[in-house]
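1. What follows is a predicted protein model with its sequence.
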Amino acid sequence: MYMDGSFELIKKFDPEIAELTIEEEQRQLHTLCLIASENYASPLSVGMEGTVWANKNAEGYPGRRFAGGCELADKIEHIAIDRCKQVFGCEYVNIQSMSSTLANIAVLRALLQPGDTILSMELNQGGHLSHGAKFHYSGKMYNVVQYGLNPETETIDMDQVERLAKEHKPQMIICGTSSYPRTVDYKRFGEIAKEVGAYLMADIAHPVGLIAGGVIPSPVPYCDVVTTSTHKTFRGPRGCGIIMCKEALGKKIDSAVFPGMQGAPKMDMIASRAILFKECLSPEYKAYQQAVAKNAVALADELKKCGLRLVSGGTETHLVLVDVRGLIENGRMAEDVLHSVNIVTNKNMIPFDPLPANLASGIRIGSPALTTRGFNEDDMRETAQLLAKALKHSQNITWSSAWVRFHDRVALRAGSILCEIDEKLAK
C-alpha cells in the first residue's frame with residue numbers, strides 16, 4: 001500500500017517514521033479489528049488527501065472566499081454538497097468542519113445561548129461526550145439534563161425522554177449515541193421535541209453508513225440538525241465533520257463553523273468527501289452496508305450461543321456491546337486478553353456499570369472493518385467463537401491450530417479485499 005515513489009523518498013529521508021508506518025500497516029493486516037468505530041477507509045474516498053487541493057487556502061464559503069483563485073475549489077465544494085443532499089435527502093449541508101465533535105459544538109453555539117437546557121443521553125449509557133458530559137465544553141456551557149435506558153430492556157426509555165422534556169422544557173434534544181446497539185426512534189423523538197418547542201439534533205457518526213446505504217431509518221425527516229463524521233461505518237476519511245440541517249438554520253450554522261470556530265477548510269478533505277458521497281450512491285456501497293448489518297447480527301447471535309451476555313440482547317446496527325462479567329474481571333482485561341491473540345477491541349462501559357470508565361464491565365465490538373476485508377456471516381461466527389474461547393480461557397491463552405488456520409486465511413486475502421469494491425466502481 002505504501003510502496004509508491006513518494007514513500008520511497010520518505011524512507012530515505014525519515015526511515016524512523018517510514019518503518020513505524022510499515023509496521024502499522026502490518027499490524028492492521030494481521031489482526032482482526034472489531035473496534036466498532038474503526039474501518040479501512042475506501043481507497044477511492046481518501047484518494048484526494050494530500051493532493052494539490054491541500055495547498056489551496058479557501059477560507060470562507062463558495063462565492064464568498066477571502067482568497068483569490070478559488071473558482072475550482074468552489075466547484076468542488078458545490079459538488080460535495082449536492083451529492084450529500086442526494087445521499088441523505090437533506091435541505092442544507094455544511095461540510096467544512098474538521099471533525100464531528102467540532103460540528104456538534106458549532107451547532108450548539110449556533111442555536112443555543114450559554115445556560116440553555118439540553119436533553120441528551122447519559123454518557124455511561126450509550127451517549128457521547130460532546131452531548132453534555134460534565135467535563136466537556138457542552139456540559140460546562142449548557143444546563144444538561146440526561147435520559148437513559150430502561151433497566152429491563154436496556155433500550156432508550158422513551159417515556160422517560162418525554163417526561164423529562166415536559167418537565168425541563170429544553171431548548172434542544174439530542175438523540176445521538178456512541179455505544180448503543182439498537183436503532184433510534186427518531187420519529188418519536190421528533191414528536192416530543194415538537195411538543196416542547198425544542199430543536200432536535202441527531203448525531204449519527206456511528207450508524208451513518210447504514211443510514212446512507214438505506215439499511216436503517218434516517219433521522220433527516222424528523223430532525224432540525226443531523227451531524228456525522230465520515231469514517232466508522234461511512235468508510236471515508238477521518239478528520240471530517242458534516243452538518244445537515246433545515247434550510248432556515250443554514251446561515252447560522254455556517255457562521256458558527258466559520259468564522260466562529262475555525263479558519264480555512266482543508267480542501268483536499270472536501271474533495272475526498274465529494275468522492276465518498278458519490279461512492280455512497282453506488283449499488284456496491286449499499287450491498288456493503290447490508291453486509292455490515294448482517295455480519296453484526298451473525299456476530300451477536302454466535303456470541304450468545306457461546307454464552308456471552310449482550311446488552312439489550314443483540315443488535316440492529318453494526319455494533320455489539322458485550323458484558324464480560326462472569327468471564328473476566330473487567331473490560332480492560334478483556335481488551336488486553338483479546339489483543340494478545342490479535343483480536344482488537346475496546347473496553348466500554350455497559351448500562352448501569354458499577355466500574356469506572358478506565359476499567360468498564362464490557363467491550364464494544366462491531367462489524368464494519370472485517371466486512372470491508374470481505375468477511376461473511378460464517379467468518380463472523382468463527383470470529384465470535386474465537387473471541388469467546390479467548391475470554392473463557394484467559395488464564396491459559398494459546399495459539400490454537402483453529403486460530404492459526406483462520407488467521408492465515410485472513411492475512412492471505414487482506415491485500416486484495418481492501419480495494420475490491422473500489423476496483424469495481426472505477427471500471
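-> Right, received. Where do you want to start?

2. where does the spatially most central residue of the chain fall, helix, sheet strand or coil?
-> Most central in the chain under C-alpha atoms, centre = their mean is His206, positioned 3.2 Å from the mean C-alpha point. What DSSP: H, G, I helix; E, B strand; the rest coil gives for His206 is coil.

3. how much space between it and Thr315?
-> 12 Å (C-beta to C-beta, to the nearest Å). Where C-beta positions appear, they are placed from N, C-alpha and C, glycine not excepted.

4. Please apply the same query to Arg373.
-> 19 Å.

5. okay, these two: which has more neighbours?
-> Neighbour count, other C-beta atoms under 10 Å: between Arg373 and Thr315, Thr315 has more, with 25 against 22.

6. Ignoring the adjacent residues along the chain, who's closest to that one?
-> Pro181 (4.1 Å; C-beta to C-beta, 6 or more residues apart in numbering).

7. Who are the contact partners of the one you found?
-> Counting by C-beta atoms under 8 Å, 6 or more residues apart in numbering, Pro181 touches 300, 310-312, 314-317, 319-321.

8. change it to 6 Å
-> 312, 315, 317, 319-321 (C-beta atoms under 6 Å, 6 or more residues apart in numbering).

9. Give me the helices and strands touching the longest helix anywhere in the chain, please.
-> Longest helix of the chain, by residue count under DSSP state H: helix 283-305. With contacts taken as 3 or more C-beta pairs under 6 Å, 6 or more residues apart in numbering; DSSP states H and E, helix 283-305 sits against helix 368-372, helix 377-392.

10. how much does it deviate in direction from helix 377-392?
-> Between helix 283-305 and helix 377-392, the angle comes out at 40 degrees (axes from the mean of the first three to the mean of the last three C-alpha atoms, to 10 degrees).

11. Over the very next helix or strand once past helix 283-305, what's the mean pLDDT, rounded is fine.
-> Later in the chain than helix 283-305, the nearest helix or strand by DSSP states H and E is strand 309-310. Mean pLDDT, computed over strand 309-310, is 97.

12. before we move on, the earlier item: can I get the contacts of Pro181 in JSON lines with secondary structure?
-> Below are the contacts of Pro181 laid out as JSON lines (three-state DSSP):
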{"residue": "Ser312", "secondary structure": "helix"}
{"residue": "Thr315", "secondary structure": "coil"}
{"residue": "Thr317", "secondary structure": "coil"}
{"residue": "Leu319", "secondary structure": "strand"}
{"residue": "Val320", "secondary structure": "strand"}
{"residue": "Leu321", "secondary structure": "strand"}
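
13. Redo those as JSON lines? Include distance to Gln28.
-> Listed next are these as JSON lines, based on distance: C-beta to C-beta, whole Å:
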{"residue": "Ser312", "distance to Gln28": "30"}
{"residue": "Thr315", "distance to Gln28": "24"}
{"residue": "Thr317", "distance to Gln28": "23"}
{"residue": "Leu319", "distance to Gln28": "20"}
{"residue": "Val320", "distance to Gln28": "21"}
{"residue": "Leu321", "distance to Gln28": "24"}
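
14. any idea which of these has the most stuff around it?
-> Counting neighbours by other C-beta under 10 Å, Leu319 leads the contacts of Pro181 with 30 neighbours.

15. Tell me the confidence at it?
-> 97.

16. and it, what does it touch?
-> Here Leu319 is in contact with 36, 181, 366 (C-beta under 6 Å, 6+ apart).

17. Excluding residues flanking it in the chain, which one is nearest the last one?
-> With C-beta to C-beta, 6+ apart as the criterion, Gly366 has its nearest non-adjacent residue at 2.8 Å, and that residue is Ala36.

18. Quick check: which of the helices and strands packed on helix 283-305 is buried the most?
-> Mean neighbours per residue, mean count of other C-beta atoms under 10 Å, is largest over those for helix 368-372, with a mean of 26.

19. residues in contact with that one?
-> With C-beta under 6 Å, 6+ apart, helix 368-372 has contacts from 33, 38-40, 233, 291-292, 295, 318.

20. Thr228 versus the residue nearest to the centre of the chain, what's the distance?
-> 9 Å.

21. likewise Thr317?
-> 14 Å.

22. Also Asp203?
-> Applying C-beta to C-beta to Asp203 and Thr228 gives a distance of 7 Å.

23. Over to Arg309?
-> Taken as C-beta to C-beta, the span from Arg309 to Thr228 is 30 Å.

24. same question, Arg64
-> Distance check for Arg64 against Thr228: by C-beta to C-beta, it reads 25 Å.

25. just for the stretch 151-300 of the chain, where's the confidence low?
-> By pLDDT under 70, the stretch 151-300 of the chain has no low-scoring segment.

26. What are the boundaries of the strands in it?
-> Along the stretch 151-300 of the chain, the segments classed as strands by DSSP state E, counting those that start in this stretch run 172-174, 199-203, 225-229, 241-245.
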